[in-house]
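1. Everything below, folded, please.
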Amino acid sequence: MRVVRAEPLEAFAAAVLEAGGLVPEDARLTARSLVQANLRGVDSHGVLRLIQYVRTLQAGAVKARPTVRVLQADTVTALVDADGGYGYRPARLAMDLAVERARLHGVGVVGVRNSHHFGMAALYVIPPAEQGFLAVMVTNASPLLAPAGGREARVGNNPWAFGIPRRPPARPLVLDMALSQVALGKIRLAAAEGRPIPPGWALDREGRPTTDAAEALRAGLLAPAGGYKGFGLALVAEVLAGVLTGSPFGLAADAHGRPAGGVGHLALALDPGRFGPREAFLDGVERLASDVLATPLAPEADRIELPGDPEYRREEERRTHGIPISDELAGQLVALARELGVTPPAELG
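-> Got it, this is the predicted structure:
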């Protein structure tokens, strides 16, 4: 492993993405989002994605210069068209519009269609939660999960993210989870680093459990988190982010070429002050958090943590000490940089 500081890594990522075809504004936003994922320890959604993104742009499967626009809007809802580009800018716009409506009317719900991968879902719920709003972001994805008893994928692992405000200086509660046992990106990372994956993460092409990361990628079949319960939540996400927004969904997503802009997102913001005094809500969240943190420890456990705490702690560590990058991934990033005529940070080699 080698360690790279966040600032040069972000500048490098932006240069790679711009050389790969993105306009400077989108390159900078995407790079900042990728490095933010690395800082929080979500390395499956970090600079590992540069390789995938550049290849997808080179293949013309994602628009490098999309025209993101609001198709329709009213007091509490809106619909954004991502025009076949990556989801970072349209998803942020959607949440901004949702917060704007929640501020005025108590709730805002905004859909996105014709989008693509938007990275770590927590990116979109932390800012509104820091402003005092409850926030939810959900997206669909290419089919990766089979229903209980099945051996072929029917819905994506469809991440959900929730942001819950707390009284400062406490940080918001943040739950960000895909509905597979692990995100596909973690298997991509294991494959890139030549590591096996733990049992229970994925299935092979015959529907049998596998620890071979490369075989798991070939099969494209992840294990649902919690079995049929995880599949059920993924199915609900497919309805909200896919069917509701007018995006391709389920098997139709692949048939309609999801990589060309078939992903849908849904952003929701809610003002808790519309249900009673805001201070009473914040008091309640703090009492609940205190009760959870005061839980007696099980044998061999060393701490109780709230959703988001491990990521906040890791972000502090990595901002101070740098972001670890495996030698294998560093080599791939350096090779990509040379191909594009970009100078990598010295720490990458």
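2. just to confirm, which helix or strand has Leu288 in it?
-> Taking DSSP states H and E as the criterion, Leu288 maps to helix 278-293.
3. Downstream of that helix, the next helix or strand is which one?
-> Past helix 278-293, the next helix or strand by DSSP H and E is helix 309-321.
4. Can you give the contact residues for the helix or strand hosting Leu34?
-> Per DSSP H and E: Leu34 is located in helix 24-39. Applying CB atoms under 8 Å, 6 or more residues apart in numbering, the external contacts of helix 24-39 come out as 6, 9-18, 22, 43-47, 49-50, 53, 85-86, 88-89, 92, 119-120, 123, 314-315, 318-319, 323. Where C-beta positions appear, they are placed from N, C-alpha and C, glycine not excepted.
5. Just these: which are in strands?
-> Per DSSP state E, strands hold the following members of these: Ile323.
6. Helix or strand: which one has Val109?
-> strand 107-115.
7. again with Pro127
-> Here Pro127 is assigned to helix 122-130, by DSSP H and E.
8. Give me the buried positions along that helix.
-> Using 16 or more other CB atoms under 10 Å as the test for burial, helix 122-130 gives Ala122, Leu123, Tyr124, Val125, Ile126, Pro127, Pro128, Ala129.
9. give the contact list for the second one.
-> The reference is to Leu123. Ser33, Gln36, Ala37, Tyr88, Ala91, Arg92.
10. Without its sequence neighbours, what residue ends up closest to the first one?
-> Which is Ser33. The shortest distance from Ser33 to any non-neighbouring residue, by CB to CB, 6 or more residues apart in numbering, is to Gly119 (4.8 Å).
11. residues near that neighbour, how many?
-> Look at Gly119: counted by other CB atoms under 10 Å, it has 23 neighbours.
12. and what of Leu48?
-> Look at Leu48: counted by other CB under 10 Å, it has 24 neighbours.
13. Relative to Leu93, how far out is the residue lying closest to Gly194 once chain neighbours are set aside?
-> In space, Gly194 comes closest to Glu328 once its chain neighbours are excluded; the distance is 6.3 Å by CB to CB, 6+ apart. Glu328 sits 36 Å away from Leu93, going by CB to CB, to the nearest Å.
14. re the thing from before, and the helix holding Leu34, how far out from the chain middle?
-> 12 Å (CA atoms, centre = their mean, to the nearest Å).
15. Give me the buried positions along it.
-> 26-39.
16. What pLDDT does the model give Thr295?
-> For Thr295, the pLDDT comes out at 98.
17. Pro168 versus Arg32, what's the distance?
-> Note on Arg32: its distance to Pro168, by CB to CB, is 23 Å.
18. State the distance from Tyr312 to Asp26.
-> Following CB to CB, the distance that separates Tyr312 from Asp26 is 27 Å.
19. Then Ala191?
-> Ala191 is 27 Å from Asp26, by CB to CB.
20. ditto for His116
-> In this view, His116 and Asp26 are 12 Å apart by CB to CB.
21. hey, what's in contact with both of the two?
-> Contacts common to His116 and Asp26, judged by CB under 8 Å, 6+ apart, are Gly85, Tyr86.
22. ok, Glu206 - contacts?
-> For Glu206, the contacting residues are Arg151, by CB under 8 Å, 6+ apart.
23. Looks to me like it is in a strand.
-> No: read with DSSP: H, G, I helix; E, B strand; the rest coil, Glu206 is coil and lies in no strand.
24. Could you chop the protein up by domain?
-> By the record's domain assignment, the chain is partitioned as 1-59+308-349, 66-180+224-294 (automatic domain parsing).
25. Now Thr75: closest residue in space, sequence neighbours ignored.
-> That would be His105: by CB to CB, 6+ apart, it lies 5.5 Å from Thr75.
26. My read is that the one you found contacts Val76, right?
-> Yes: here His105 reaches Val76: they are 5.2 Å apart, a contact under CB atoms under 8 Å.
27. what about the two, which has more around it?
-> Val76 (16 against 13).
28. Please, where are all the helices along the chain?
-> Counting by DSSP state H, the chain has helices at residues 6-19, 24-39, 49-58, 88-105, 122-130, 184-192, 213-219, 228-237, 250-255, 278-293, 309-321, 327-340.
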